[in-house]
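# below is the structure, and that's it, no one-letter string:
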């Protein structure tokens, strides 16, 4: 499975241009809580240069895994 953070903006004040800003996000991925960051050392996942996360882990239905992401859009100020 491949996961991607997506952000589409509609700014009625025209401070930020409308449209897909996903490629401008800085994304950090976590497993089950923000205390367990997914890094390139974790063989169950692949962090791609485009910010996507490839999940290679087999997950049992009896022990589900929650994947979280925190995304930042920087550089836009009024």
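Okay, I see it. No experiment lies behind these values; they were computed from the predicted model shown.

# residue 31 is in contact with residue 66, correct?
Yes. Contact criterion Cβ atoms under 8 Å: residue 66 and residue 31 qualify, at 7.4 Å. The way it works is simple: take the backbone N, C-alpha and C, and place the C-beta from them, glycine included.

# ok, those two, which is more surrounded?
A count of neighbours by other Cβ atoms under 10 Å puts residue 31 above the other of residue 66 and residue 31, at 18 against 8.

# who touches the more buried one in this structure?
Residue 31 is in contact with 38, 42, 45, 65, 66, 67, 68, counting by Cβ atoms under 8 Å, 6 or more residues apart in numbering.

# 10 Å instead?
Residue 31 makes contacts with 37, 38, 42, 44, 45, 55, 57, 65, 66, 67, 68, as judged by Cβ atoms under 10 Å, 6 or more residues apart in numbering.

# in strands, which of the residues you listed appear?
Counted as lying in strands by DSSP state E, out of the contacts of residue 31, are 45, 55, 67, 68.
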